[in-house]
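Engineer: Build me a structure from this.
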Amino acid sequence: MRARRQAKRLLFAILAWAIAMASFVFFRYAQTPELPQWAVGSADLATLAIYMGIIFGSLHWLSNLISDFSAISRLPYIFSVIFKGIFLLLGAMTLAYITQYLNMWAIENHMATLRQMLTVHILYSPSFQALIIYLVAVRVGLAFIEQMALLVGPRVLLNIGLGKYHKPRYEQSLFLYIDMVASTTHAESLGDYRFSRLIQDSFSLLSDTVANNEAEIYRYMGDAVLIHWPLNKGVVNDRCMNIYFDFSQQLNWQRKYFEEHYGFVPKFKAAAHCGQVVAAVVGVQKQEISYFSDVINTLARLQDQCNPLGQRMLISGELESQLETRETQYKITNLGPVKLKGKQQTTDVFGIHPK
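Structural biologist: Alright, predicted model coming up:
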């Protein structure tokens, strides 16, 4: 799953940079009546754009990979942007010198020395300086888009950009609500600062399993998190149940770390529910996609029943009827109808356990 996700990021980076380089080449040579000396036809310009897109897209992806899996990820975001920008510029200068080296070899028909290569004033040429400025602008722009995708989710960012939810629309959605057990007790014993670090450390383990199950985090709410899918995607391959149990397993794997820093391993409970919601963009200066429905209220009431029923995870009868129960890797136990707080009618409730 992680390799698949990185492959998608690499393809996105190459595509974005290919479009950016195609724009640069077009505007660079659009005003000139003749093609550059090295170009036989316009197809050579397209080839150059693709070539540069692959090179800079790969450098872009590699800088993100290094940043994500190193201590840089723990630094303020501005340092990450600076590192990625320097990495790209070094790659561009290296590429420029290699290209100049090959050009000297082709023209003079002999192997140029390193001294000859470095004395070529390619860095001072107006065209290369224009390219550097353009690279910086594109890199900063893509970094901004990537950060926005992290803040609101890539699917939400795309939908806001396309204006999909500027008018309210009905959707069939699935929500998973994960909440820390005994959070008030932990907050009192740890204090606000250490408790907030506990929340950070806990939810940092959630990101991979959310991505692996093609979900999106809708909202963090203190010591709880609300996760969302379109209904037809959330019921596939036990995704709505995988996230909770994979997350619990990740916490157990980090048992030593949590016990050393906090004295215990945090535990969470979860509930999942589905149904029709109305999705719409709300806000002016700060926008987000909000979901309006009794589904989320029912979900919160359902999650409140985890402790009384002695269950780690509960799902509603509406969701159970949508699952592929024959191929599931979980044991689904019918707990019967339960009257949830604030509800006039009972709700069928099911407990979930790994087989």
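Engineer: Look up how far residue 323 lies from residue 170.
Structural biologist: Residue 170 is 22 Å from residue 323, where distance means CB to CB, to the nearest Å. Bear in mind the C-beta positions are built from the backbone N, C-alpha and C, glycine included.
Engineer: Which one of those two is surrounded by more residues?
Structural biologist: residue 323 (22 against 10; other CB atoms under 10 Å).
Engineer: pLDDT score assigned to the more buried one?
Structural biologist: At residue 323, the model reports a pLDDT of 88.
Engineer: if I've got this straight, it is in a strand?
Structural biologist: No: using DSSP: H, G, I helix; E, B strand; the rest coil, the assignment for residue 323 is coil, not a strand.
Engineer: got a list of what it touches?
Structural biologist: 235, 238, 315, 332 (CB atoms under 8 Å, 6 or more residues apart in numbering).
Engineer: switch to 10 Å and redo it
Structural biologist: Residues in contact with residue 323 (CB atoms under 10 Å, 6 or more residues apart in numbering) are 234-236, 238, 240-241, 272, 274, 315, 330, 332, 350, 352.
Engineer: For burial, what's the neighbour tally of residue 236?
Structural biologist: Neighbours of residue 236 using other CB under 10 Å come to 13.
Engineer: Quick one, which of the contacts of residue 323 are buried?
Structural biologist: Among these, those buried by neighbour count (16 or more other CB atoms under 10 Å) are 234-235, 238, 240-241, 272, 274, 315, 330, 350, 352.
Engineer: Which parts of the stretch 1-150 of the chain are helices?
Structural biologist: For the stretch 1-150 of the chain, applying DSSP state H, counting those that start in this stretch gives helices covering 2-29, 42-68, 77-108, 114-119, 126-152.
Engineer: deepest of those, which one?
Structural biologist: Mean neighbour count (mean count of other CB atoms under 10 Å) peaks for helix 42-68 among these, with a mean of 17.
Engineer: Hmm, residue 302 is touching residue 340, no?
Structural biologist: Yes: with contact defined as CB atoms under 10 Å, residue 302 counts as touching residue 340 (6.3 Å).
Engineer: Next, show the common contact partners of these two.
Structural biologist: Joint contacts of residue 302 and residue 340 (CB under 10 Å, 6+ apart) are 316, 347, 349.
Engineer: Kindly state the pLDDT recorded for residue 291?
Structural biologist: 86.
Engineer: wait, is it part of a strand?
Structural biologist: Yes: assessed with three-state DSSP, residue 291 lies in a strand.
Engineer: any idea which element the closest residue to residue 148 other than its chain neighbours lies in?
Structural biologist: Closest residue to residue 148 apart from its sequence neighbours, by CB to CB, 6 or more residues apart in numbering: residue 157 at 5.5 Å. Residue 157 belongs to helix 154-162 when elements are defined using DSSP states H and E.
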